[in-house]
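1. just the structure for this:
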Amino acid sequence: MITVAAGDAEAVAVTAGCLERGGIALVPTDTVYGLAVRPGDPAALERVFRAKARPLERDLPVLAANLEQVESLGVDFNETARRLAGRFWPGALTIAFGFAAGPAVKRADRPGWLAERLEVAVRLPDLAFLRSLISRTGVLLVTSANTHGEPTPASARGAAAALLEPVDVVVDGGLLSAQPSTLVNVRTDPPAIERLGALSLDALRAIGVRPCPPAAG
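-> Numbering: from 1, shown residues only. Alright, predicted model coming up:
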């Protein structure tokens, strides 16, 4: 296992090389530490699910570097999504999209690894290291670096130690928040909050988006 500081000049190259070889990396985000893999690599994906003891039926979210990468996924970028993205991206908001229908799908060339999904959760992180990495690798599947159902440790060392399987590269970004992003699903009208995190309900309402709050319990 290799450890590199997020601020080191070689951090992006080392992490990208690991991912391009089919490895998994523990990386800092602007919220919590995450486990990153390239899409379409079944062996790497299996390792992530084992490391977290994550249920196999729960799809992994996507991190993108820019709007062009998001649109390349073939998502239905509706008016609610555009309002949310325009105010909170890059930042601590994850948007769960459905997929565009008809000719738009062909224009976007929806990737094969999304073929069986009804929706995909996407975020643009507000962290220079991570966006530089994703600009080089393309979109990444990134999930919180914790065992399923447990909080994510604030340090890179703690996050790595909490996993059930070792990663190939650890990128140390210092102490991070234990609070994940807020997740809003825009497939419904009104949209639905599936997880309250770093962004509050009031922050969403302030831009005229009035989502259904998460169900109690």
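
2. how about the strands in this protein?
-> Applying DSSP state E to the chain gives strands spanning 2-5, 25-27, 34-37, 62-63, 93-97, 120-123, 140-144, 169-172, 182-185, 192-195.

3. show me where the protein has helices.
-> For the chain, the helices defined by DSSP state H occupy 11-20, 42-52, 67-71, 79-88, 103-108, 128-137, 156-162, 201-205.

4. CSV for the strands of the chain, including mean neighbour count, distance to Asp202 and mean pLDDT?
-> (Each C-beta comes from the backbone N, C-alpha and C, glycine too.) Below are those laid out as CSV (neighbours: other Cβ atoms under 10 Å; distance: least, Cβ to Cβ, whole Å; pLDDT from 0 to 100):
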stretch, mean neighbour count, distance to Asp202, mean pLDDT
strand 2-5, 16, 36, 96
strand 25-27, 28, 30, 98
strand 34-37, 27, 26, 97
strand 62-63, 24, 26, 98
strand 93-97, 25, 14, 97
strand 120-123, 24, 20, 97
strand 140-144, 24, 24, 96
strand 169-172, 23, 33, 98
strand 182-185, 23, 11, 95
strand 192-195, 16, 12, 92
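
5. could you dump these to TSV with distance to Ser155?
-> Formatted as TSV, these follow (distance: least, Cβ to Cβ, whole Å):
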stretch	distance to Ser155
strand 2-5	12
strand 25-27	11
strand 34-37	14
strand 62-63	20
strand 93-97	23
strand 120-123	22
strand 140-144	14
strand 169-172	8
strand 182-185	23
strand 192-195	23
